[in-house]
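[1] What follows is a predicted protein model with its sequence.
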2 protein chains.
Amino acid sequence: MLTISQLAAYAGVTVRAVRHYHQIGLLPEPERDASGYRRYGATAVVSLIKIRTLADAGVPLSQISRMLDADPSAFAEAIRTIDGKLRDEIERLQTSRTHIAQLTAGDSLALPPEVTAYLDRLRAIGASQRMVEAERDGWILVAARWPDRIVEWMPGKSAALDDPQVVRLYRVLSEIFDGDEQDDPRLAEAADIMACLAEQAYAAGDFLHAEEADDDIPHDLIDALADEADPRAQRLRELMRERGWSGWNRMERLAEPPRK
Amino acid sequence: MLTISQLAAYAGVTVRAVRHYHQIGLLPEPERDASGYRRYGATAVVSLIKIRTLADAGVPLSQISRMLDADPSAFAEAIRTIDGKLRDEIERLQTSRTHIAQLTAGDSLALPPEVTAYLDRLRAIGASQRMVEAERDGWILVAARWPDRIVEWMPGKSAALDDPQVVRLYRVLSEIFDGDEQDDPRLAEAADIMACLAEQAYAAGDFLHAEEADDDIPHDLIDALADEADPRAQRLRELMRERGWSGWNRMERLAEPPRK
DNA sequence: ATGGAGGGTTGACGCAGCGTCAAGGTCAAG
DNA sequence: CTTGACCTTGACGCTGCGTCAACCCTCCAT
């Protein structure tokens, strides 16, 4: 007659595991000796080894009892089911591994490489760290909504950085938002540049295809993101409204300048 | 301002997940509106998307906050650690899969193929199902204790089945244990055959290398297994003692026959 | 005004497979 | 008699939420 620790040692499991199998009814409770200790016979050892064999093979404990007294065909069927689950789980973990392998840099969080390349170019033309991070967060919102279409848009955005006016704009904005000045006079300069760019884009008809108007939420979110990041963004939008433009990432020409 | 379900939908997670992230402090609780509803801004959306990106990559929730504000080198280090854990887990599951693939038949539970081949031969020479299962359970105990040496022993056991006396023994035992008769007269015949075989083995010196005497427990267990499986096994051992042999799977010649 | 559908809120249990105290009773050896 | 190694039950912890339960809020159609 074995004690619980001898049983566990023989089968290569922990004492706690044996007691757990008792609790869930997988291994029957044995007789107790005079002092209340569990005493195990040889059949218990064999049962426990069978249980461990199945458990080590990935069979859930809840199914082991059924499998132990199943006919060969049902057993084989159960094996196939469990093997399928194991395969799925392995696959899941492997996609996790490929995902994690692409998280090398901080910028690539949730962003395709085209966008991180664009952000690198932004840095290269003189945008500040804060500016780039703000842009990055905006693109994260875009990527979440249009994960496929974002790739199409990047070449155009990247090409825009060849325009000296755009470069100038990003530098000015970087300086503004890196400073502490809440009422920076350069805000007006930035607004002028943006209005000018908007005018050009409008003339070129670039706003037309933006009329698709899928869903307002993402656009509103991107606007809000800027506002939340820095109150001066709101001031900038106000200046834009004075110049006849509304919106922020999705501009529209206002019918007439507001009077306020 | 978004409600919790809008936020969750945008980030592609469940409402419950968002609340869970609040509970564990991963995502800060937002302001509430007049009626107590949570109201989210754009930064919450971005945070949530970042969290999901890491979580989908297999990063434990408890580490995500640290990773989100880690410098690139610490970030990369954490990535390596997590990737290692993923790799280990995948490996574990894959060994589970190879294990489970070998569990085709019921006999192979915890047994190497050499043993199942031996069991098949037992069936072939006329051993009953009960008999084979009892043998199988015994071998499970052996395999648990000497997983490596068991392979060496099988050729000898298999060769023994060429002996007509052994074949006769297994058939007689099968008949006895398949019947209901508690005091079957064939028990004596079986004992005679076993004594005869023991005598031959003793003369051939086959018991000598069994003197290694590693550990009594497994031998005792195998004896006990037979006793637990059928009370007639005890009667058989008694008959063996009368013929001058003790033990069951590990026999010894008794100095003199007991008088009882 | 009312009633119902479809949001939202907190609180709590459940899952899988044990690990790990806690607080005691038992056994064998020195 | 003490000491240390085992045994007992009971209960919480871990991971990442799913799933009630019981109740409140809002909006729209009647």
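    Great, that's in hand.

[2] Let me know the secondary structure of the residue with the largest distance to the centre of chain A.
    Residue farthest from the centre of chain A, counting by CA atoms, centre = their mean, is A:Ala34 at 59.1 Å. Here A:Ala34 is recorded as coil under DSSP: H, G, I helix; E, B strand; the rest coil.

[3] Now do the strands in the stretch 151-260 of chain A.
    A:245-246, A:252-253 (DSSP state E, counting those that start in this stretch).

[4] Could you say which of those strands is packed most deeply?
    strand A:245-246 (a mean of 18; mean count of other CB atoms under 10 Å in any protein chain shown). For the C-beta atoms, the positions are set from N, CA and C on the backbone; glycine is no exception.

[5] now that strand: mean pLDDT?
    Summarised as a single mean, pLDDT over strand A:245-246 is 84.

[6] mind checking how far A:Ala143 is from B:Phe177?
    As judged by CB to CB, to the nearest Å, A:Ala143 and B:Phe177 stand 71 Å apart.

[7] show me where the stretch 101-250 of chain A has helices.
    With DSSP state H, counting those that start in this stretch as the criterion, the stretch 101-250 of chain A has helices at A:113-124, A:129-145, A:150-160, A:164-178, A:186-203, A:216-229, A:232-242.

[8] Tell me which other helices or strands the fifth one touches.
    Translated: helix A:186-203. helix A:164-178, helix A:232-242, strand A:245-246 (3 or more CB pairs under 8 Å, 6 or more residues apart in numbering or on different chains; DSSP states H and E).

[9] Out of the ones you listed, which is closest to B:Arg232?
    B:Arg232 sits nearest to helix A:232-242 of all these, at 90.9 Å, using CB to CB.

[10] Quick one: mean pLDDT for the closest one?
    90.

[11] how about it, does it get close to chain B?
    No - applying CB under 8 Å from any CB of the partner chain, one finds helix A:232-242 separated from chain B by no less than 11.3 Å.

[12] contacts for that helix?
    A:176-177, A:182-184, A:187-188, A:190-191, A:194-195, A:223, A:226-227, A:246, A:248, A:251, A:254, A:257-258 (CB atoms under 8 Å, 6 or more residues apart in numbering or on different chains).

[13] just the buried members of those residues?
    A:176-177, A:184, A:187, A:190-191, A:194-195, A:223, A:226-227, A:248, A:251 (16 or more other CB atoms under 10 Å in any protein chain shown).

[14] mind checking which helix or strand of chain A has the lowest mean pLDDT?
    strand A:252-253 (a mean of 76; mean pLDDT, DSSP states H and E).

[15] partners of it, with directions?
    strand A:245-246 (antiparallel) (DSSP bridges).

[16] roughly how far is the strand it pairs with from the heart of the chain?
    Centre-to-centre, strand A:245-246 and its host chain are 33 Å apart (CA atoms, centre = their mean, to the nearest Å).

[17] one step back: I'd like to know which of the helices of the stretch 101-250 of chain A is closest to B:Gly205.
    Nearest of the helices of the stretch 101-250 of chain A (CB to CB): helix A:113-124, 75.5 Å.

[18] helices or strands up against the closest one?
    So helix A:113-124, by 3+ CB pairs under 8 Å, 6+ apart, packs with helix A:129-145, helix A:150-160.

[19] what's near enough to touch the most centrally placed residue in chain A?
    When CA atoms, centre = their mean is applied to chain A, the residue found nearest the centroid is A:Ala110 (5.7 Å). By CB under 8 Å, 6+ apart, the contact list for A:Ala110 reads A:Ile140, A:Ala143, A:Ala144, B:Ile49, B:Lys50, B:Arg52, B:Thr53.

[20] go on, A:Leu103?
    A:Leu109, B:Thr53, B:Leu54, B:Ala57, B:Phe75, B:Ile79.

[21] What does the pLDDT read for it?
    84.

[22] Please apply the same query to A:Pro218.
    82.

[23] That one against A:Arg145, yeah?
    Yes - counting by CB atoms under 8 Å, A:Pro218 does reach A:Arg145; the two are 4.5 Å apart.

[24] ok, those two, which is more surrounded?
    A:Pro218 (19 against 16; other CB atoms under 10 Å in any protein chain shown).

[25] Relative to A:Glu238, how far out is the residue nearest to A:Arg97 when sequence neighbours are not counted?
    Spatial nearest neighbour of A:Arg97, chain neighbours left out: B:Leu86 (5.1 Å); criterion: CB to CB, 6 or more residues apart in numbering or on different chains. According to CB to CB, B:Leu86 and A:Glu238 sit 49 Å apart.

[26] Would you mind telling me which of those two has the busier surroundings?
    Between B:Leu86 and A:Glu238, B:Leu86 has the larger neighbour count (other CB under 10 Å), namely 19 against 13.

[27] now for the helix or strand harbouring the more buried one, which elements pack on it?
    Using DSSP states H and E, the element containing B:Leu86 is helix B:72-101. Secondary-structure packing of helix B:72-101 (3+ CB pairs under 8 Å, 6+ apart): helix A:42-56, helix A:72-101, helix B:61-68.
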